[in-house]
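[1] sequence and predicted model, in that order:
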Amino acid sequence: MGCNSVGVPLPTEMTMEHYRFANFHLDVRRQRLYRDGLPITLTQKCFAILCELVRYAGDIVTRERIADAVWGPGAASDATITQHIAMLRRALHDAGASDVIVTASGHGYRFVEPVVPAENSDTNELVDALCENARYFSRLRSDRALRSAVHLYDRALALKRDAVPALAGKAEALMLTAINAHAPGMPLVGEALEIAEQAIVGDPTDADAAYAYGLALIHHDYDWSRGLRHLDRAIERNPAHEEALIARVLAETYTGAFDAAETHAREARITLPDSHRIRFLLPAVHVFSRRYASGIPELEALCLVRPDYWAAQGLLGIACYWSGAIDDAIARWELVRTGFPDHESLWQPGVRIRVHGYLLHAYATLGRDAEYEALRAQIERLRQTRYFPALTDAFEPLAAGRFDDAMAPIHTSLERRDPWTTRLGIDPFFDPLRDRADFQNILRVLFAHE
């Protein structure tokens, strides 16, 4: 069975089935068998055999099929299978299910009790289970995990096409795919906007739907005012909605509404005092409003507690860089670029991509040609296997003062709706362009609906 980077079976290969027979409930995903709601203890192999028999209830399941499914091809003898079938029969008998497995002499075994798939008897339960697992994968943020989340949400929508949690969740997963630079913003953010709108129509009071719709409005239409209104509604309905709290503060920061962003960042800390991601917001406001001396101490403290929080490390690098501590900045960015995340980290793939651009700027500025060329070559190699936003190519021309050359990738990024573009209004790397008419035109497009 294939696994993702943290060893969790991928949903494309992971069964999510529920079955009922007599007064038993077989939950394949959680590897649980219940009788009248009470758990029945089975060994892992016995449970796997039961799953195989129940899936093909009424049909003969050969010994070879059981061996391949449970142990792997050629890994179990007939004697081993016979022993485990006997153990399974005994456990089922003790639980009140006698004679449900019969032997098809010379062929295999047949499960003879009528089986009802839970999809037919309890669709809502399965939809909820699919969405729950999809949310887990969305939190991981990696490309493969987000594709798995979208797949799970699609399965939920195939069962119940108007399921608001699945619609809102899929819209968020598509947005996260773009935000974390796994693919160009378009057409993902366009699809996310359509799906989030369906979720809002389905349940105007749902906090997740309001959050997903607000996020999509900002990144697709650059409609900051409507997007912020929906983020506000999400927070009104769920004051502890971490994603909406973060998105609101960042949107206010990107539009230069620093006072509102700082107020909301402080309020969010009261609501979710233990969240490292919430703690990140106030120093982010300080850094992007050029108050580096205020942002650096908090970011250093946060990075000390969570050195794997790449967003904090990357932002601390920005604050150090523009405060003149260039070597410290490079050290932070190199840590983000080369550090290996585990599944408990607050790693964000989009941050790792962005620091490539920052490092290009730093190495070009310092004349460290060997390091610059090595990084440039690595980016080109990476582009053979993954998406790199066009904005990455603006940093070296910015460092060299070739501002006309820097504008081309900025235009491309805008056309693609790459979410990184939304930071152009406040990112200090782009300060040299602010008096140019063509850059002002881009900012007008970005903030026409502010």
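    Thanks, I have it.
[2] rest of the way, CA atoms for contacts and neighbours
    Fine.
[3] and the helix or strand hosting L231, average pLDDT?
    For L231, the element it lies in under DSSP states H and E is helix 224-237. Within the predicted structure, the mean pLDDT of helix 224-237 is 97.
[4] got it, and stretch 57-76?
    Mean pLDDT, taken over the full extent of stretch 57-76, equals 89.
[5] can you list the neighbours in contact with the very next helix or strand once past the helix holding L231?
    Following helix 224-237 in sequence order, the next helix or strand is helix 242-254 (DSSP H and E). Taking contacts as Cα atoms under 8 Å, 6 or more residues apart in numbering, the residues outside helix 242-254 that touch it are 211, 215, 224, 228, 231-232, 234-235, 258, 260-262, 264-265, 268, 272, 277-278, 281, 285, 288, 422-426.
[6] could you tell me which residues make contact with the closest residue to G202 other than its chain neighbours?
    The spatially closest residue to G202, leaving aside those adjacent along the chain, is V164, at 6.2 Å (Cα to Cα, 6 or more residues apart in numbering). For V164, the set of contacting residues under the criterion of Cα under 8 Å, 6+ apart consists of 199-200, 202-203, 206, 209.
[7] okay if I get those as a markdown table plus neighbour count?
    What follows is those, written out as a markdown table (neighbours: other Cα atoms under 10 Å):
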| residue | neighbour count |
| --- | --- |
| A199 | 28 |
| I200 | 22 |
| G202 | 16 |
| D203 | 17 |
| D206 | 19 |
| A209 | 32 |
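[8] ok, then the element right after the helix or strand of the chain with the lowest mean pLDDT?
    For the chain, scoring each helix and strand by mean pLDDT, DSSP states H and E identifies helix 118-121 as the least confident one, at a mean of 51. Stepping forward along the backbone from helix 118-121, the first helix or strand reached (DSSP H and E) is helix 123-140.
[9] ok so, going back, just how off-centre is the helix holding L231 within its chain?
    Taking the mean C-alpha point of helix 224-237 and that of its whole chain, the gap between them comes to 21 Å (Cα atoms, centre = their mean, to the nearest Å).
[10] with stretch 190-207 instead?
    Per Cα atoms, centre = their mean, the displacement of stretch 190-207 from the mean C-alpha position of its chain is 19 Å.
[11] quick one: mean pLDDT for that stretch?
    On average, the pLDDT along stretch 190-207 is 96.
[12] low-confidence ranges in the stretch 1-150 of the chain?
    Where the stretch 1-150 of the chain drops to pLDDT under 70, the residues are 1-16, 118-122.
[13] ok, which stretches of it are helices?
    Listed in chain order, the helices of the stretch 1-150 of the chain (DSSP state H, counting those that start in this stretch) span residues 44-55, 63-70, 78-94, 118-121, 123-140, 143-159.
[14] most tightly packed of those?
    For those, the stretch with the most neighbours on average is helix 143-159, a mean of 22; neighbours defined as mean count of other Cα atoms under 10 Å.
[15] helices of the stretch 251-400 of the chain, start to end?
    In the stretch 251-400 of the chain, the segments counted as helices under DSSP H, counting those that start in this stretch are 258-271, 276-279, 281-288, 292-305, 310-322, 326-338, 349-366, 369-382, 395-400.
[16] and I278, what does it touch?
    With contacts defined as Cα under 8 Å, 6+ apart, I278 is in contact with 242, 245-246, 265, 268-269, 272.
[17] before we move on, what about Y222?
    If a contact means Cα under 8 Å, 6+ apart, then Y222 has 445-449 as its contacts.
[18] which one among these gets closest to T62?
    When the contacts of Y222 are compared for distance to T62, the smallest value, 62.5 Å, is given by L446; criterion: Cα to Cα.
[19] burial count for the closest one?
    Here the number of neighbours of L446 (other Cα atoms under 10 Å) works out to 23.
[20] how far away is it from V285?
    When distance is defined by Cα to Cα, to the nearest Å, L446 is 19 Å away from V285.
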